[in-house]
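**Q** heads up, no residue letters with this:
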């Protein structure tokens, strides 16, 4: 394990070789089915929070994209907000220009981020640890400044507004209450999660885990390390770009802060909170962080960050492998002590 990972995650928050219970098999288990029914149940239990729910689902997809490179390829990135923002601006600009069909706009955002991810990967994989971190940070800063300078196109600090979307599949209009946006975000997250889940269980995913655990041994097995890391980084950028496009479509607004370093840092914190190298950790971490943010900011608009900091410290100190990792360990302990 590299010195950088111990510096960034000193309390054993790096991905472990032992996968979570939900990811041991590519088959869906009962717990996973129940997990994916929870957002559907939340729609009926909390009908007044559909806007927040759509943002949670969309952000969770971006964190899943980050988990591909950090949790499986072992690349620490502070530049994924660049792909998130690029996907958002692509979908937003297409809509403002008159192309209002949602699914093609979503695809365009993902393709734009995919291309930027491919170009960036050629530079990122050449470095090691701290170099990669600095390169991804630089990519994020460059994209943020470009969007800010091109204010005549992006709206600058005022943001890009005026987006209009046609009814989804020609049937479901985007209403003021956010009903269509919620189910749209839910469906896209579920489909993309299944795609990423297939990737991490494929030979490519297994080779990425091998690179993460012992990068020097993989060439001896005939694996082209740089090539696989480039593929992982590009796919990760594409998934994050789709999340950005989805955020633009469901909120019908794109702000320059979508490209900011604080946004990228939030993605990283959410992943640490939920559990690195566990796809469900990305979803859980995003949900816990954003719901806690909403509740704490309502209780104390000035000092909510203090309580959020305490929550993060508690998870780091007492929940090995994040929330999902701790739940997995607890599950293993309970069932290992069950009488035979």
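**A** Looks like it arrived, so ask away. Treat the numbers as computed from the prediction; the structure is a model and nothing was measured.

**Q** so where's the chain uncertain?
**A** 1-26, 215, 218-223, 336-340 (pLDDT under 70).

**Q** Measure how far the host helix or strand of residue 248 is from the centre of its chain, please.
**A** Per DSSP states H and E: residue 248 is located in helix 225-251. When distances are taken as CA atoms, centre = their mean, to the nearest Å, helix 225-251 is centred 9 Å away from the chain's centroid.

**Q** now stretch 297-313
**A** The answer for stretch 297-313 is 22 Å, by CA atoms, centre = their mean.

**Q** what's the next secondary structure element after the helix holding residue 248?
**A** Following helix 225-251 in sequence, per DSSP H and E, is helix 261-274.

**Q** still on that earlier bit, quick one, the helix holding residue 248 and helix 261-274 angle?
**A** 100 degrees (axes from the mean of the first three to the mean of the last three CA atoms, to 10 degrees).

**Q** OK, contacts around residue 147?
**A** With contacts defined as CB atoms under 8 Å, 6 or more residues apart in numbering, residue 147 is in contact with 85, 89, 154, 156, 256, 259. (C-beta placed from N, C-alpha, C; glycine too.)

**Q** redo that, cut-off 6 Å
**A** Residue 147 makes contact with 154, 256, 259 under the criterion CB atoms under 6 Å, 6 or more residues apart in numbering.

**Q** can you list contacts of stretch 96-112?
**A** Contacts with stretch 96-112, where a contact means CB under 6 Å, 6+ apart, come from 86-87, 90-91, 94-95, 162, 164-166, 168, 238, 241-242, 244-245, 249.

**Q** Going along the chain, name the helices of the chain.
**A** 3-8, 30-45, 50-67, 80-96, 102-124, 130-149, 151-154, 179-200, 203-213, 225-251, 261-274, 279-299, 304-318, 322-336 (DSSP state H).

**Q** Just say which of the ones you listed is most tucked in.
**A** helix 80-96 (a mean of 29; mean count of other CB atoms under 10 Å).

**Q** Apart from its neighbours in sequence, what residue is nearest residue 188?
**A** residue 246 (5.5 Å; CB to CB, 6 or more residues apart in numbering).

**Q** What residues does the one you found make contact with?
**A** The contact partners of residue 246, by CB under 6 Å, 6+ apart, come to 58, 185, 188.

**Q** now the helix holding residue 248 and helix 80-96, what's the angle there?
**A** Going by the same axes, to 10 degrees, helix 225-251 makes 50 degrees with helix 80-96.

**Q** Closest to the centroid, which residue in this structure?
**A** For the chain, residue 63 is the residue whose C-alpha lies nearest the centre (CA atoms, centre = their mean; 1.4 Å).

**Q** Return the distance of that residue relative to residue 131.
**A** Distance of residue 63 to residue 131, computed by CB to CB, to the nearest Å: 24 Å.

**Q** How many residues are close by the closest residue to residue 212 other than its chain neighbours?
**A** Once flanking residues are discounted, residue 212 sits nearest to residue 74: 3.8 Å by CB to CB, 6+ apart. If you count neighbours by other CB atoms under 10 Å, residue 74 ends up with 25.

**Q** same check, this time on residue 127
**A** Using other CB under 10 Å, residue 127 has 14 other residues around it.

**Q** which non-adjacent residue is nearest it?
**A** Using CB to CB, 6+ apart and skipping residues adjacent in sequence, the residue nearest residue 127 is residue 135, 5.9 Å away.

**Q** any idea how far the one you found lies from residue 31?
**A** For residue 135, the distance to residue 31 - CB to CB - is 38 Å.

**Q** hmm, back to that, just the contacts of residue 147 now: which is nearest residue 68?
**A** residue 259 (19.8 Å; CB to CB).

**Q** ok, that closest one - contacts?
**A** Contacts for residue 259 (CB under 6 Å, 6+ apart) come out as 81, 82, 85, 143, 144, 147.

**Q** Distance to residue 196 for the residues you listed - can I get that in a markdown table?
**A** Listed next are the contacts of residue 259 as a markdown table, based on distance: CB to CB, whole Å:
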| residue | distance to residue 196 |
| --- | --- |
| 81 | 19 |
| 82 | 19 |
| 85 | 20 |
| 143 | 23 |
| 144 | 26 |
| 147 | 27 |
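
**Q** hang on, the earlier thing: in JSON lines: the contacts of residue 147, plus distance to residue 109.
**A** As requested, the contacts of residue 147 are exported to JSON lines (distance: CB to CB, whole Å):
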{"residue": "154", "distance to residue 109": "14"}
{"residue": "256", "distance to residue 109": "16"}
{"residue": "259", "distance to residue 109": "13"}
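
**Q** Now flag whichever of these is closest to residue 116.
**A** residue 259 (11.4 Å).
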